[in-house]
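Engineer: below are the sequence and a predicted model for it; my questions follow.
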Amino acid sequence: MSLEELKGKLEALEKQALAELEQAAQEGIENLRVKYLGKKGELTSILRGLSNIDAAVRPLIGKLSNEIKTRLEEKINHKQNELKEKSEQAALSNITVDLTLPGTSMAMGSMHPITQVMEEICAIFTRLNFAVVQGPEIETDYYNFEALNFPPEHPARDMQDTFFIEDKVLLRTHTSPVQVRVFEKQKPPVKIVVPGKVYRHDADVTHSPMFHQVEGFMVDENITFADLKGVLTLFIKEMFGEQLSARFRPDFFPFTEPSAEVAMSCFACKGAGCRICKNSGWIEIMGAGMIDPAVFKHVKYDPEKYSGFAFGMGVERIAMLKYGIDNIGLFYENDLRFLKQF
Ligand code: FA5
């Protein structure tokens with residue numbers, strides 16, 4: 001075959017391929033690619049026959065057929081993309097979006113009820129101008145017991161109540177050690193509340209091995225038991241309203257003298273006696289009293305000049321009263337059905 005004939009054949013092939021491509025639907029494109037460019041395709045078979053032609057024209061024909069191959073490949077790809085885009089557009093235009101449908105709402109978390117109650121307690125005292133301070137949960141025997149005037153053989157130091165980490169290092173059993181830490185650093189007047197976790201070897205429906213306390217104390221000249229009663233009565237009214245009554249009874253704490261146990265009437269039986277209040281009609285929520293001069297001596301406060309009161313309450317107990325919960329364990333189970341109610 002002469003050069004001209006071969007050229008004509010190749011050009012006719014390209015023309016035919018382009019005409020077919022023009023008419024092709026999406027499904028037909030791949031067949032077209034195989035038909036012209038595939039291993040057994042028409043262009044390939046012409047290129048195979050090159051060995052039989054005159055060596056002088058071989059490079060020209062090779063060049064021409066490679067150009068045709070590249071052009072066809074580009075056009076086939078272009079057409080394929082064009083058809084694909086068209087069919088996607090068509091599919092999209094069939095979808096209707098209802099803009100009035102409600103959106104997918106995100107599940108929102110909320111503060112744990114104990115945190116909420118603890119913050120509520122602190123807010124009442126900050127309105128009375130108390131500052132909020134925190135202290136370490138791992139304490140020494142000195143701050144947790146000794147400086148608070150616990151005698152060396154006091155039962156609270158016993159392994160059965162206290163979680164010891166090592167000799168003289170323990171998980172604090174109450175928030176009262178923070179009193180001593182503050183007094184060491186600050187001269188009166190002090191007016192502070194201390195929220196935080198405490199630990200005791202203790203567990204039943206109203207007791208947990210880890211629970212929360214809020215400690216409060218106020219030291220200045222001329223602070224009396226009347227100030228203590230005034231502040232705590234105001235706190236109870238703010239926290240619970242007028243319905244539940246409060247009771248102050250003499251009690252004993254090594255670090256207060258005189259001391260009082262503050263209790264509230266039982267939320268479940270309204271004082272008649274039940275499982276929760278152990279049939280007494282009352283649930284203790286707080287220990288309180290006038291700070292013992294022995295504590296002042298440890299921190300070099302002059303007991304002749306200064307006096308003060310302190311109180312410490314169980315946050316879980318307050319939360320149980322406030323929401324009528326009869327099992328302290330519910331606070332720690334992380335059951336969303338329970339937690340979502342707050
Ligand atoms: C104290 O811890 C004293 N530090 C309180 C205090 C402070 C007295 C300042 C005087 C001056 P008590 O051991 O009674 O006191 O505990 C205080 C409150 O914590 C109790 O009234 C009770 O409501 C709560 N509580 C005690 N043990 C547990 C427990 N295992 N689980 C949940 N709450 C508890």
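Structural biologist: Cool, got the structure.
Engineer: name the helices or strands packed onto the worst-scoring helix or strand of the chain on mean pLDDT?
Structural biologist: Taking mean pLDDT, DSSP states H and E as the measure, the helix or strand of the chain with the lowest value is helix 42-48, at a mean of 78. If you count contacts as 3 or more C-beta pairs under 8 Å, 6 or more residues apart in numbering; DSSP states H and E, helix 42-48 packs onto helix 3-23, helix 29-37, helix 58-93. All C-beta spots, glycine's among them, are computed from the backbone N, C-alpha and C.
Engineer: quick one, which of those is nearest to the ligand?
Structural biologist: Of all these, it is helix 58-93 that lies closest to the ligand, at 61.1 Å by C-beta to the nearest ligand atom.
Engineer: and that closest one, what does it pack onto?
Structural biologist: Using 3+ C-beta pairs under 8 Å, 6+ apart, helix 58-93 sits against helix 3-23, helix 29-37, helix 42-48.
Engineer: swap the cut-off to 6 Å and go again
Structural biologist: Packing contacts for helix 58-93, counted by 3 or more C-beta pairs under 6 Å, 6 or more residues apart in numbering; DSSP states H and E, involve helix 3-23, helix 29-37.
Engineer: quick one: buried residues of the helix or strand hosting residue 143?
Structural biologist: Assessed by DSSP states H and E, residue 143 sits inside helix 141-144. For helix 141-144, the neighbour count (16 or more other C-beta atoms under 10 Å) marks 141, 143-144 as buried.
Engineer: wait, does it contact the ligand?
Structural biologist: No. Residues of helix 141-144 contacting the ligand under C-beta under 6 Å from any ligand atom: none, with a closest distance of 9.8 Å.
Engineer: what's in contact with that helix?
Structural biologist: Helix 141-144 is contacted from outside by 168, 172, 177, 180, using C-beta atoms under 6 Å, 6 or more residues apart in numbering.
Engineer: now the last one, nearest residue through space, not along the chain?
Structural biologist: When the adjacent residues along the chain are set aside, residue 180 lies closest to residue 147, with 4.4 Å between them (C-beta to C-beta, 6 or more residues apart in numbering).
Engineer: then the third one?
Structural biologist: Sequence neighbours aside, residue 143 is the residue nearest to residue 177 in space, at 3.7 Å (criterion: C-beta to C-beta, 6+ apart).
Engineer: burial count for the closest residue to residue 3 other than its chain neighbours?
Structural biologist: Leaving aside its sequence neighbours, residue 3 sits nearest to residue 57 (C-beta to C-beta, 6+ apart; 4.4 Å). For residue 57, the count of nearby residues is 16 (other C-beta atoms under 10 Å).
Engineer: and for residue 74?
Structural biologist: 10.
Engineer: could you do the one 10 residues further on as well?
Structural biologist: Here the number of neighbours of residue 84 (other C-beta under 10 Å) works out to 12.
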